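S.K.: Have a look at this fold, sequence not included:
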């Protein structure tokens, strides 16, 4: 039995298989509409996250399975002081697989240690969110056909952005990748990412401040939000925020086949005028997330 | 693809078809138990409303479909600042049709503009609640056999009552209807309803203060709640509230085939002693709401 | 049509049938996977209780049925002042059976008086929680093979513990049972339980303060939590709490075939080191709860 706590819990071969199965589901979803008949997913969301929860639930229902769960800690036994170890032992009697979202880093890992059903980490604090990373990879693979040789730009909050760190790690396992890290000085990628992942794997990268200057070189632009509360003072925030807003003017500088990804929810870091640009694939990315989760649930229940 | 944002989004012919299909479902629900097999409803409730949500969910499950959703804004991405336009674009990948309840007027309309699946307005603030209006119409049609020639009384809060305004508009499309509008002066039907709907369509109506005096003339009595907070002072409220409570004494003055409707929840505006009167059809009305919603979901998914 | 408001709503014969059916389901759950096809359970939880709610929902889904409901009063019409009598009358149109959890004693009973579908009390305040009691009985029957002749210890808060009172009553219907009631003086079993149940049925029992001294004589040890807020002062709580924590040392004094039950959630009244002891059956008990609820839903829908 396998749990998915971090994106690296899958080997490159397993990841390949996951992406292939996701593609096959995408091409003919009906073929899989009974693949998990009489199987049940439990969605244990100790922190609200509509998009992720609904994506998991849609995935399981698409496979002909059923769903039980809760969408916030208030309505869970956690409020009565129950440990996640006890909760998962009980839920193991109710369902065949579970997805856990928790505000505390490591909670899904603890759950997996006591679970008799596969546990998928659906986001633990600022830590890991493997199905987002897999979805990002699937989107790139599906729309670019490859990872090799791509120049991938990450823009916005690269310091706290969990999805950015995970995707950098995941892409660093492929050859001939190049990164451009676009952020204000305050929100640069942490040193351990540079040391342990980028330098350790000899991945070429640049750190720059201007999205405008970097955008012409990119094959992929991964946007994230610059949150006001990350800045020491409002002046810096106001001075910087527009620099990291993607609009039609900046899109005009990009390659014709550059793709714009975003983990969503988007607030204002991508102007709505960009939505109609065929290079804006963030809503397609959300759709791919369902196929990816269908494939993952299938693989974990098959093992 | 059609959205249902306001009761008038259906032509009279479409409404006829909806009521006919609802009746057919009511007569033989089992015939439709696979009508939406493998279709999915998303219930996006940014404001709690158990009755409406469960009615939609029961409707979809009765049709053999499945349901995902959320029941309050806290557990949705709205809390993270996502626009409803973005939410609906993502949910379009998860479901085949959706019902939206939102505290802000117009939110379901905005959603429909960005949706690739049919959107049903399940109530937007004090504005529209089309499936309630359709249910009211279905109840009248089913139990009276016609709309023409009826004298319909509306009682209680006619100023703020969304369901009252919608039902007045909807009934005004039929010929030979007559209204008696029963309310305190403070809670009379707004002028635009009188000008743009009643007078514009030459509908005869009276405004009266006494339920007791009006009740003998009615074929339909549509009750609504008089909320304390609508009054300027407690004295007026106390003086008036009993006048608008329907009890056995007032029922004794009514026609033998008058029907009492109420959108529910009821607080104390109808005494519980009335519940056993065969003319009290508000619980039957709630039951009809499920058949009506089944028919509406079927029609929208068929288009 | 039958409602289950209290554990004694089933005769001994009906209870026997329930336990037999539960066992049959446990042995071959797949045989029952369509037993409630096209039937629907409504879970009306006016108070959060993840474990109980998910157990009911898992039970209904295991039987091939569907589920609608709410998990807290905030998202229900109760917030708008609707009576439970009205709610259940409406929900009767949406579902075939319902489980109600409510903070107020008697609320499920009131609901049952106005319901046209079977009502199961899923816990009403400190009052009744019949499916927990049935689950306890099923666990004992399944793992001990009998009720007759057992010495059953109850430990912890015997004053306020609803599950304790219910299980004492339920077991008192069998012959040759003996109880050892282990608690601090402050939290002894109430007098009416002793008078009306134990003495009235000539059941032998002892009241003791020491778990350590009592444990060697027990066939069943039913643990409950000693809540800090039950004590008049912190000193007493600190002095007493460890006495009522079950750990490996105390387990070493027990019979080799003694069973440890707990209604869960457990906080710290059973040390986690005990979990791996084969005599610790509280997680198995939670699993049995699903089979028990499957059997109960089947029986009530069959009547």
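M.R.: Perfect, thanks for sending it. Keep in mind that what you see is a predicted model, and the values were worked out from it rather than measured. Numbers count the residues shown, from 1 in each chain, chains lettered A, B, ... in the order given.
S.K.: Buried ones in the lowest-mean-pLDDT helix or strand in chain A, by neighbour count?
M.R.: The helix or strand with the lowest mean pLDDT-type score in chain A, counting by mean pLDDT, DSSP states H and E, is helix A:234-241 (a mean of 78). The neighbour-count criterion (16 or more other Cβ atoms under 10 Å in any protein chain shown) identifies A:237, A:240, A:241 as the buried residues of helix A:234-241. C-betas here are computed from N, CA, C, even on glycine.
S.K.: Next: stretch A:139-147.
M.R.: A:139, A:140, A:141, A:142, A:143, A:147.
S.K.: residues in contact with it?
M.R.: Residues from elsewhere that reach stretch A:139-147 (Cβ atoms under 8 Å, 6 or more residues apart in numbering or on different chains): A:19, A:22-23, A:26, A:137, A:150, A:171, A:174, A:177, A:219-220, A:259, A:261, A:281, A:284-285, A:288.
S.K.: what do you get for stretch A:285-294?
M.R.: Applying Cβ under 8 Å, 6+ apart, the set of residues contacting stretch A:285-294 is A:18, A:22-23, A:25-26, A:29, A:32, A:35, A:51, A:55-56, A:58-60, A:62-63, A:131-132, A:134-136, A:138-139, A:142, A:261-264, B:89-90, B:93-94.
S.K.: Find out how far stretch A:168-187 is from the centre of the chain, if you would.
M.R.: Put simply, stretch A:168-187 sits 15 Å off its chain's centre (Cα atoms, centre = their mean, to the nearest Å).
S.K.: Name the residues of it that come out as buried.
M.R.: When neighbours are counted by 16+ other Cβ under 10 Å, the buried residues of stretch A:168-187 are found to be A:168-174, A:177-184, A:187.
S.K.: again with stretch A:3-19
M.R.: By neighbour count, and taking 16+ other Cβ under 10 Å as the criterion, the buried residues in stretch A:3-19 are A:3, A:4, A:5, A:6, A:7, A:8, A:9, A:10, A:15, A:18, A:19.
S.K.: can you list the residues you listed in TSV and add pLDDT?
M.R.: As requested, those are arranged in TSV below (pLDDT from 0 to 100):
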residue	pLDDT
A:3	98
A:4	98
A:5	96
A:6	94
A:7	93
A:8	91
A:9	95
A:10	96
A:15	97
A:18	98
A:19	98
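S.K.: In helices only, show me the residues you listed.
M.R.: Per DSSP state H, helices hold the following members of the buried residues of stretch A:3-19: A:15, A:18, A:19.
S.K.: what residues are up against the first one?
M.R.: The neighbours of residue A:15, taking Cβ under 8 Å, 6+ apart as the test, are A:134, A:137.
S.K.: what do you get for the second one?
M.R.: Residue A:18 makes contact with A:10, A:134, A:292, A:295, A:296, A:299, according to Cβ under 8 Å, 6+ apart.
S.K.: one step back: among the contacts of stretch A:285-294, which are in strands?
M.R.: Residues from these lying in strands, with DSSP state E as the criterion: residue A:261.
S.K.: Show me which of the contacts of stretch A:285-294 are buried.
M.R.: Buried by 16+ other Cβ under 10 Å: A:18, A:22-23, A:25-26, A:32, A:35, A:51, A:55-56, A:58-60, A:62-63, A:131-132, A:134-136, A:138-139, A:142, A:261-264, B:89-90, B:93-94, out of the contacts of stretch A:285-294.
S.K.: what's near enough to touch the closest residue to residue A:118 other than its chain neighbours?
M.R.: Nearest residue to residue A:118, sequence neighbours excluded (Cβ to Cβ, 6 or more residues apart in numbering or on different chains): residue A:300, at 4.1 Å. Contact partners of residue A:300, counting by Cβ under 8 Å, 6+ apart, are A:2, A:4, A:97, A:118, A:120.
S.K.: Would you tell me which residues of the stretch 1-150 of chain A are close to chain B?
M.R.: Where the stretch 1-150 of chain A comes near chain B, counting by Cβ under 8 Å from any Cβ of the partner chain, the residues are A:33, A:45, A:48-51, A:54-55, A:57-58, A:61, A:67, A:71-72.
S.K.: which one among the buried residues of helix A:234-241 gets closest to chain B?
M.R.: Checking those against chain B with Cβ to the nearest Cβ, the nearest one is residue A:241 at 14.1 Å.
S.K.: Provide the secondary structure category for the nearest residue to the closest one once chain neighbours are set aside.
M.R.: Closest residue to residue A:241 apart from its sequence neighbours, by Cβ to Cβ, 6+ apart: residue A:226 at 6.0 Å. When states are read from DSSP: H, G, I helix; E, B strand; the rest coil, the local structure at residue A:226 comes out as coil.
S.K.: ok, now which ones touch residue A:226?
M.R.: Neighbouring residues of residue A:226 by Cβ under 8 Å, 6+ apart: A:156, A:157, A:184, A:187, A:237, A:240, A:241, A:244, A:269.
S.K.: Who are the contact partners of the second one?
M.R.: For residue A:157, the set of contacting residues under the criterion of Cβ under 8 Å, 6+ apart consists of A:164, A:183, A:187, A:224, A:225, A:226, A:227, A:230.
S.K.: Kindly recompute the last result at 7 Å.
M.R.: The contact partners of residue A:157, taken as Cβ atoms under 7 Å, 6 or more residues apart in numbering or on different chains, are A:183, A:187, A:224, A:225, A:226, A:227, A:230.
S.K.: Okay, the second one and chain B: tell me how far apart.
M.R.: Pointing back at residue A:187 there. Residue A:187 sits 18 Å away from chain B, taking Cβ to the nearest Cβ, to the nearest Å as the criterion.
S.K.: unless I'm mixing things up, that residue is touching residue A:158, no?
M.R.: Yes - with contacts counted by Cβ atoms under 7 Å, residue A:187 reaches residue A:158, the gap being 5.8 Å.
S.K.: Would you map the strands across chain A?
M.R.: Under DSSP E, chain A gives strands at A:40-45, A:66-70, A:97-102, A:119-124, A:151-155, A:178-182, A:205-208, A:220-223, A:259-261.
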